[in-house]
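*Asks:* coords please:
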Amino acid sequence: MTHKAKPLWGGQSWPQPPFRRPEPAESRLRAELPAPHAAQSGITLMEVVIAITLLSMLSVGMLAAIRMGFDALHKTNTRLMANRRVAGAQRVLEQELGGFMPVKGICSAQSESPMTPFVFFQGQPQSMRMVSTYSLDEAWRGQPRILELQVIPGDEGRGVRLIVNEIPYTGPLSAGQACLGVGADPVTGLPMPQFRPIQASEQSFVLADKLAWCRFSYLEPAQPPGVDQWRTDWVLPRWPIGLRVDMAPLEDNPARLRPLTITTAIPISRRPEATYVDLQQ
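*Replies:* Coordinates of the predicted model:
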């Protein structure tokens, strides 16, 4: 674009420079500034603290729930094992009493006295001796065992516990090893064996523990039309027709299995005064 020059003196004209619009100061300043960077996202320190606090509270809650679950599992397992022990011990005791064998023993405590045969059975309120075909080691498959059941004080003197000793039975002589002699009973006047006290040892097995009390009873047959009677002390030279073990827990917890009274019938028709021989060849 050209501009016409106005004539000056003498008719001459000077050329004019091309027109340029002045740039504003703001435009020049913007041009001099560097290009703005892209916007970046971020979190503040307060947001980090809140997030860590919430995560900690969630972890504590999960840990508490897991701990409660393990405690409940432990308590349930402990209660289940206690109930299993009670049920197992009662089953063993029932089978031992159910395997009762009517045998005779030979008392040879005094070497100068003749060997005296006697009905092998001891029945007292806290002690019982007998021969059974069932044992803890071999169950029903092994040889008969002499069972010595005894009620002894519990741990730390709290309550009582029922233990049993098992001794292999090999014949009348083995049954007579616990005999101290045969004498007349002061009440009935009948000849009755005197036994050694039953001792607890490392081989003793605890059938029931933490009991308030435990006692034995024996069923005495009566002549018709009489009624059979239970007695706590057996002083007759024959075998009872029934055995009973009464037990009560030291702490009666309704959530746990209680030891029950065990009653076993002994259908014995053998006569102690008769001699039995095998007539089969």
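*Asks:* quick one: contacts for the closest residue to Arg196 other than its chain neighbours?
*Replies:* Closest residue in space to Arg196, ignoring its immediate chain neighbours: Ala178 at 5.0 Å, by Cβ to Cβ, 6 or more residues apart in numbering. In this view, the C-beta of every residue, glycine as well, is placed from N, C-alpha and C. Contacts for Ala178 (Cβ atoms under 8 Å, 6 or more residues apart in numbering) come out as Arg129, Ile146, Glu148, Phe195, Arg196.
*Asks:* What segments of the stretch 51-200 of the chain are helices?
*Replies:* 172-175 (DSSP state H, counting those that start in this stretch).
*Asks:* how about Gly176, what does it touch?
*Replies:* Gly105, Ile106, Cys107, Ser108, Ala109, Met115, Phe118, Phe120.
*Asks:* residues near the closest residue to Thr170 other than its chain neighbours, how many?
*Replies:* Leaving out its chain neighbours, the residue that sits closest to Thr170 by Cβ to Cβ, 6+ apart is Gln143, at 7.8 Å. Counted with other Cβ atoms under 10 Å, residues neighbouring Gln143 total 10.
*Asks:* need the contact list for Gln143.
*Replies:* Pro168, Tyr169, Thr170.
*Asks:* okay if I get those residues as CSV plus distance to Asp246 and neighbour count?
*Replies:* Compiled in CSV, the contacts of Gln143 are given as follows (distance: Cβ to Cβ, whole Å; neighbours: other Cβ atoms under 10 Å):
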residue, distance to Asp246, neighbour count
Pro168, 29, 12
Tyr169, 27, 21
Thr170, 32, 11
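*Asks:* Inside strands: which ones of those?
*Replies:* Among those, DSSP state E puts Pro168 in strands.
*Asks:* how about CSV for the contacts of Gln143, with pLDDT added?
*Replies:* Shown next, in CSV, are the contacts of Gln143 (pLDDT from 0 to 100):
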residue, pLDDT
Pro168, 92
Tyr169, 93
Thr170, 90
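*Asks:* Just name whatever secondary elements the strand ranked longest in the chain is in contact with.
*Replies:* Longest among the strand segments of the chain by residue count, using DSSP E, is strand 205-220. With contacts taken as 3 or more Cβ pairs under 8 Å, 6 or more residues apart in numbering; DSSP states H and E, strand 205-220 sits against helix 45-98, strand 145-153, strand 160-168, strand 229-231, strand 242-249.
*Asks:* for these, which one sits closest to Val206?
*Replies:* With Cβ to Cβ, the closest approach to Val206 among the helices and strands packed on strand 205-220 belongs to strand 160-168: 5.5 Å.
*Asks:* Of all the residues in the closest one, which ones are buried?
*Replies:* Neighbour-count burial for strand 160-168, counted by 16 or more other Cβ atoms under 10 Å, picks out Val160, Arg161, Leu162, Ile163, Val164, Asn165, Glu166, Ile167.
*Asks:* which one of those sits closest to Phe216?
*Replies:* Among these, and counting by Cβ to Cβ, the member closest to Phe216 is Leu162, at 9.6 Å.
*Asks:* From Glu202, how far out is the closest one?
*Replies:* For Leu162, the distance to Glu202 (Cβ to Cβ, to the nearest Å) stands at 17 Å.
*Asks:* returning to that earlier point: so which of the contacts of Gln143 is the closest to Leu260?
*Replies:* Distances from Leu260 to these, taken by Cβ to Cβ, are shortest for Tyr169, at 28.3 Å.
*Asks:* how far away is that closest one from Glu156?
*Replies:* Taking Cβ to Cβ, one finds Tyr169 at 35 Å from Glu156.
*Asks:* any idea how far the residue nearest to Arg196 is from Ala89?
*Replies:* 24 Å.
*Asks:* One more: Val49?
*Replies:* From Val49 to Ala89 the distance is 60 Å (Cβ to Cβ).
*Asks:* who's more crowded, those two?
*Replies:* Neighbour totals were compared for Val49 and Ala89, and Ala89 leads with 19 against 10 (other Cβ under 10 Å).
*Asks:* didn't the more buried one look like it was pressed against Leu211?
*Replies:* No. With contact defined as Cβ atoms under 8 Å, Ala89 does not reach Leu211; the gap is 10.9 Å.
*Asks:* shared neighbours, those two?
*Replies:* Pro259.
*Asks:* residues in contact with Gln223?
*Replies:* Contacts of Gln223 by Cβ under 8 Å, 6+ apart: none found.
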